[in-house]
Every structure is written in C-alpha cells, then in structure tokens.
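> let me see the structure of the following:
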Amino acid sequence: MLVPSLMDGLLLGFVYGIAAMGLSLIWGVMDVINLAHGPIIALGMFGIYLGFTGLGLNPYLMLILVIGGGLLLGVLIYWVAVHRVINAPHLSTLLATFAVNMIIIGIATAIFTTSPRNVDFNLGGFPVGPITLPWTRILAALASVLVTALLYLFLYQTRPGKAIRAVSDNRAAAELMGIPTSWILALAFGLGTMLAAISGGLISTFFPFTILAGSSYELKSFVICVLGGLGNPLGALIGGLLLGALEGIIPAFMETSWVPVLEFVLFVLILLVRPQGLLGSKT
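Just a heads-up that it's a prediction; the model follows:
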C-alpha cells in the first residue's frame, strides 16, 4: 500500500508546488503575502467546472481560459487593492488581500453556494508494474512541470521577466533604469494569481471541491513556501514534492486525520531549525 500512496502523493505534490510558487513569487518580488490565494485557487476549480459542465469543454482545454482569467484577475486585484499600500507596513497589505479574500468568498458563495461540486472526468489509469496511476494525476504533474519550465524561461529569457527580477532585487534602481515598476509589480502579481488558478484547475480534475476548498490549499502553500524557502519558486516546487510525499506516506501508517497535524508540526520545526527554508537565503 505504501508505494501507490507515495506515487499519488508525489504526483499531487507537483500541483501543490505551483500553488505555492504563485505565493512565493508575489512575496519574492513585492514582499506581499497574498491572503486571497485560497479563493483564487477555488475560482480556478470553478472555472474548469463551469467549462466542463456548462460548455462541454475538455478540462485541459478550459485550463487555457483559466490561465488568462487568472492573470487578468491578478492584475485587477493589484491595481484595486494592493497598489496603494505596496509601500505601507506589512499589516496594510495583509488586510488589503484579506479583504479581497472575503469579497471573493462572499460573491462566489452567493453564486455557487457551498455545495460540493465535482468534475466527472476520467481518463483511466496507466499501469506501472503492480500499481495503476490515474491519468488525470499524471497529466496534472506534467502540466505543473511544463508551467514551471515556462515560468523560468519567462523570468530569465524575456525582457518583462528580467524586469521582474530587477524590480525584485532593487526597486529604486530599476526605476532609475527606466523600468515601469508599477506595471511590472502588477504583472508579477498577475503571474502569482495565475499559478494559483492553474493549480486549482488541475486539482478539480481529481477531488470534489467547494468555494471554501481553496483555504486548505492556501495553508499548504504556506507550509511549502517555508519548507522550500519563501521567495524561491524552485524551492516551492521541491517543497510541494516533499509535502506530497509526506501526505502519501502518513496514511499508510496512521489515520488520515493526522496529516494536517504533522504538516504543521513540520512547519514549526522548519521555522525553528532553518527559517530560511531549504533553498532560501539567510538575508
């Protein structure tokens, strides 16, 4: 039982990784902890659900629309709620993104209620020796790897990506070099929310969900960011794999209800022993 559970956990860990990568990207570029991350993950789930049930679209085709919608939503949230408090104390940005959190949950609850939804999409399984891996999880893991690779290519090989890195390193110097920092910060925030929406869309293909489901994945993203190193996207992916492996191993030895307990014990231990995470810097 351990091997299938571990494989499932690792495949799920890739998706956890890109959810945390969005949170980590926003923090690394603008020192903002996005408390609206969970509802955006849930909106990604409902985007796939509405496209699949209402329009009959393939979930992976609908994911393209979710990507665009997540990017635009992130840019909108930045200009409406974050831009004016970007240089304020951290409490101001926390309250701003928390307000967005409550607005999204309130509106979405009124529209969708809190009834569980499910994307009934089954592609069968892929046999690997004595175990069979669901194709939905394999494709979600492959999509996560592809998204990670494209993000790195964007950040390191394109002019806007290099501008994001410059603003992250030194915002004042980037402004002196003529980089429009406000628009670059909006783009970075949009990319972070886009990653959250992608992870939600992928998760919707194998778990039931409600509009409140994103909160649990937001908490997992915090654990992963601390584990991998807050502000380090690659660390977020590695942290996601470690957390996914942990979720796969624990149920083989004890009740599933112990999973969140041990996850947050790990969270506290990392903060005590290595607060910068596995790949984070000390400064």
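> mean confidence for stretch 20-39?
Taken as a whole, stretch 20-39 carries a mean pLDDT of 90.
> go through that stretch and flag the buried ones.
20-30, 32-39 (16 or more other Cβ atoms under 10 Å). Quick note: C-beta positions are derived from backbone N, CA and C, even for glycine.
> give me the buried positions along stretch 66-73.
So for stretch 66-73, counting by 16+ other Cβ under 10 Å, buried means Val66, Ile67, Gly69, Gly70, Leu71, Leu73.
> of these, which belong to helices?
The members of the buried residues of stretch 66-73 that map onto helices under DSSP state H are Val66, Ile67, Gly69, Gly70, Leu71, Leu73.
> does the third one touch Ala197 like I think?
Which is Gly69. Yes. Counting by Cβ atoms under 8 Å, Ala197 is a contact partner of Gly69 at 6.7 Å.
> please enumerate the shared neighbours of these two.
With contacts defined as Cβ atoms under 8 Å, 6 or more residues apart in numbering, the residues shared by Gly69 and Ala197 are Leu43, Gly47.
> where does the chain have its least confident helix or strand?
Least confident helix or strand of the chain, by mean pLDDT, DSSP states H and E, is strand 125-128 with a mean of 76.
> can you show me the helices along the protein?
2-30, 37-54, 59-77, 90-112, 135-157, 159-169, 171-176, 181-203, 214-228, 233-249, 258-273.
> export the ones you listed to JSON lines and tack on distance to His83?
Formatted as JSON lines, these follow (distance: least, Cβ to Cβ, whole Å):
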{"stretch": "helix 2-30", "distance to His83": "10"}
{"stretch": "helix 37-54", "distance to His83": "18"}
{"stretch": "helix 59-77", "distance to His83": "10"}
{"stretch": "helix 90-112", "distance to His83": "9"}
{"stretch": "helix 135-157", "distance to His83": "22"}
{"stretch": "helix 159-169", "distance to His83": "14"}
{"stretch": "helix 171-176", "distance to His83": "13"}
{"stretch": "helix 181-203", "distance to His83": "7"}
{"stretch": "helix 214-228", "distance to His83": "22"}
{"stretch": "helix 233-249", "distance to His83": "23"}
{"stretch": "helix 258-273", "distance to His83": "30"}
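> and among those, the most buried is which?
Of all these, helix 181-203 has the most neighbours on average by mean count of other Cβ atoms under 10 Å, namely a mean of 26.
> any regions of the stretch 151-283 of the chain where pLDDT drops low?
The model of the stretch 151-283 of the chain has pLDDT under 70 over residues 230-231, 278-283.
> give me the contacts around stretch 117-133.
So stretch 117-133 is contacted by 3-4, 7-8, 11, 45-46, 48-49, 52-53, 59, 134-136, 138-139, 204-205, 208-210 (Cβ under 8 Å, 6+ apart).
> swap in 7 Å and give it another go.
Contacts with stretch 117-133, where a contact means Cβ atoms under 7 Å, 6 or more residues apart in numbering, come from 3-4, 7, 11, 48-49, 52, 59, 134-136, 138, 204-205, 208-210.
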